[in-house]
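> Model the following, please.
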Amino acid sequence: MILWTMTQNKALLKTHPAGEPGNLGFGGEGGSQSLDTFAGKVQIRWVPDGAVSTLGLLPFFTEFLKTSGLFAAFVADCPLEYASSNAPHKRDVLGTILLSVLAGHNRYAHI
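Now for the predicted structure:
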C-alpha cells in the first residue's frame, strides 16, 4: 500500500497493510469446512453475520485431540477401572469430564 504525503509528492511505504485479511482459510463468507472428529465427519458452516457460536472452537479442538492422539493416550494412561458389568466405559467417563471442564463446570452437580 502506498501513502502520499501532503507536503511532498514522495511515496511512503507502509510497514503493515491496513486492516486484516478476510476469512482466509475458513472457506470464505458462508463457506463450509469439514472436520474429522470422534463422531465422524462434521461440517462447519461460517455465518458472516453471526455474533456467537453454540460450539465455539470446540470442533477444531476435538479434531486436534483425535489427530494428535492425545485423548487416546490420556484414556490409555488413566488408571481408572470399573469392575461392574453395568459400568460405563472409561473413555466415556473421561470424555464427559473433559467436555464438562471445557464448558466451565466446576462442580460435580453441573456435570
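
> What confidence value was assigned to Lys90?
We have a pLDDT of 94 for Lys90.

> which non-adjacent residue is nearest it?
Take Lys90 and drop its neighbours on the chain: the residue closest to it by Cβ to Cβ, 6 or more residues apart in numbering is Leu80, 5.2 Å away. Heads up, the C-betas are built off the backbone N, CA and C, glycines and all.

> cool, and Ser32?
Spatially, and ignoring its direct neighbours in sequence, Ser32 is nearest to Arg45 (4.5 Å; Cβ to Cβ, 6+ apart).

> if I look at that neighbour, how far off is Thr67?
Arg45 is 21 Å from Thr67, where distance means Cβ to Cβ, to the nearest Å.

> Tell me which stretches of the chain form strands.
Here the chain has its strands, by DSSP state E, at 2-4, 11-13, 32-37, 40-45.

> ok, now how distant is the residue nearest to Ser32 from Gly31?
Separation of Arg45 from Gly31 (Cβ to Cβ) stands at 8 Å.

> same check, this time on Lys66
Plainly put, Lys66 is 22 Å away from Gly31 if you go by Cβ to Cβ.

> Between those two, tell me which one has more neighbours.
Remark: of Lys66 and Gly31, Lys66 carries more neighbours, 16 against 12, as counted by other Cβ atoms under 10 Å.

> gap between that one and Thr96?
In terms of Cβ to Cβ, Lys66 sits 17 Å off from Thr96.

> ok, back up a step: doesn't Asp92 make contact with the residue nearest to Lys90?
No. Using Cβ atoms under 8 Å, Leu80 is not in contact with Asp92; the gap is 11.0 Å.
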